[in-house]
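Student: kindly return the folded structure for what I paste below:
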Amino acid sequence: MISRVEVHRGRYHDSVRLMQASKALQEVPGVTDALVAMATELNLSLLADMDFDMDAVAGIGPNDLLLAIRAETDDAIEAAHRALDEALTPKVVPSGGLDGPDPKTIGTAARLGGANVALLSVPGEHAFVEAMEALQDGLHVMIFSDNVPIEQEIILKNYGVANDLLVMGPDCGTTIVNGLGLGFANAVQPGPVSMVGASGTGIQEMCALLDDAGVGVRHALGTGTHDLSEDVGASSTLQALAALDADPETELIVVVSKPPAAPVADKVRRIAAECATPVVITFMGESTLEEGAGEVLAALGKPQPDYGSWEAPEREHRPGTVRGLFSGGTLRSEARHVAMPYLGPIGTREEDEGHTFIDYGDDEYTQGRAHPMIDQTVRVERLAATAHDESIGVVLMDVVLGYGSNANPAAELAPIVRRVVDAGVAVVVSLCGTRGDPQGRDAQATALNEAGASVYLSNAAAAREAVRLATTRSSS
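Tutor: Just a heads-up that it's a prediction; the model follows:
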């Protein structure tokens, strides 16, 4: 086995691109381990855990790019370098690109004109400075970065309110502006509905359900996970509500959030009731995304759809608990909301006993590695392990499609699903995606179904099926 560690000083790339690059290298034949990351303390710790030579990285810092590869042959190492070059080489923009060299700072880019939104994806400890610079240059800001202190979020959002600039985030994974997706987003048809969401996968699921029912989306403004906390007080949510209410092409507004602080939820409802545009509010724990989509369709005078499903043939499965393996925090929360009245308490950590629904997109599981929507390694390992855990009878998992997500998740999951089903475990998949998504939604569903999983386009429907399987033993 050949190990190689390289340092490229002063070469910066954002975390999303580096996540994708690491994934690309890991898929090169003959490569067993690969890490492409900025040399932060966390990533250096991860390098040590992977048993690479730490002498090669002495004296480097967070502004330096780190490349570590372990492979079977020199040819595999060279192939990994080619894959890295391809992953990190900027793609040519067919139209609308800027002439001349790329700007090196947000301020320089802002002065070139033509843009009014800055998308930030930097380590959380650096996000505040970059975001404040963008705001001071008159740009709205989407902060993909997580692990930003709540005190800094409040300062940024107060500045944004005072200067009529929207701060989306921190920890904002999804936004759609005029049909253009930023971060993780789905291909949606244009339409009259706009959204405000303190939930990335909540926005994605709502978009997918409406798209499947033939209703398009104009805007979907993410506000960040903590916006409806009592500390932040729905600052960005209320700003976004006002902006969408003033948009003449928005006929209906949807608010989506994980469970908010009670006084903040009351404030959002009060402001929403004052809007001239109808508003549908979907707070997890009170209703499901499926129910929220139903309210939207009813308000628009559209029929209620029967969301698609690919059901596996009934077969005997062993009795046991339900193990939820989620990449979306809101989808996990919704599934717990649906299942707990029937299953009782449901844990949220791997060490919990009994039924457990785990969000592998949580900070605890993403430190030093790509989000599970990009890199499914952790979930694939946990899925495979359920075949040998006699206490587990049903697996419930989400698969989130769209721009930024894994290019072909079913190709990785289907062989493991087949092995798990053959071991006697029932598998249910919540597939979040639209017909226009680059992965091919229906092809993904068919591949997972042929491997033995029951696949549902509604996350709530998938949770109900997992409950049914857990409470009634199937027979062949």
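Student: so how far is stretch 379-393 off the chain centroid?
Tutor: 23 Å (CA atoms, centre = their mean, to the nearest Å).
Student: between the two ends of that stretch, what distance do you get?
Tutor: One end of stretch 379-393 to the other measures 17 Å (CA to CA, to the nearest Å).
Student: tell me which residues of that stretch come out buried.
Tutor: Residues of stretch 379-393 classed as buried: 379-380, 382-383, 386-387, 392-393 (neighbour count, 16 or more other CB atoms under 10 Å). Placement of C-beta: from N, CA and C, glycine included.
Student: mind listing what residue 61 touches?
Tutor: Residue 61 is in contact with residue 39, counting by CB atoms under 8 Å, 6 or more residues apart in numbering.
Student: surely residue 144 is in contact with residue 118?
Tutor: No. Shown here, residue 144 and residue 118 do not form a contact pair, counting by CB atoms under 8 Å, at 10.8 Å.
Student: before we move on, back to that, out of the buried residues of stretch 379-393, list just those in strands.
Tutor: Among the buried residues of stretch 379-393, DSSP state E puts 392-393 in strands.
Student: which of the residues in the helix or strand of the chain with the lowest mean pLDDT are buried?
Tutor: Least confident helix or strand of the chain, by mean pLDDT, DSSP states H and E, is helix 363-366 with a mean of 76. The neighbour-count check on helix 363-366 (16+ other CB under 10 Å) flags 365-366 as buried.
Student: ok, residues contacting that helix?
Tutor: 146-147, 359-360, 372, 378.
Student: what two of the residues you listed have the greatest distance between them?
Tutor: Across these, the longest distance by CB to CB is 18.5 Å; it joins 147 and 378.
Student: poorly predicted segments of the protein, please.
Tutor: Along the chain, the model assigns pLDDT under 70 to residues 90-101, 367-368, 473-476.
Student: now do the same contact list for the closest residue to residue 158 other than its chain neighbours.
Tutor: Of all residues not flanking residue 158 in the chain, residue 235 sits nearest, at 7.3 Å (CB to CB, 6 or more residues apart in numbering). Residue 235 is in contact with 154, 157-158, 160-161, 167, 227, counting by CB under 8 Å, 6+ apart.
Student: hmm, try it at 7 Å
Tutor: 157, 161, 227 (CB atoms under 7 Å, 6 or more residues apart in numbering).
Student: just put those in a markdown table and tack on neighbour count, distance to residue 209 and secondary structure.
Tutor: Below are these laid out as a markdown table (neighbours: other CB atoms under 10 Å; distance: CB to CB, whole Å; DSSP: H, G, I helix; E, B strand; the rest coil):
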| residue | neighbour count | distance to residue 209 | secondary structure |
| --- | --- | --- | --- |
| 157 | 27 | 29 | helix |
| 161 | 15 | 31 | helix |
| 227 | 33 | 22 | coil |
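Student: can you pull out the helices in the stretch 151-300 of the chain?
Tutor: Here the stretch 151-300 of the chain has its helices, by DSSP state H, counting those that start in this stretch, at 200-212, 235-245, 262-274, 289-299.
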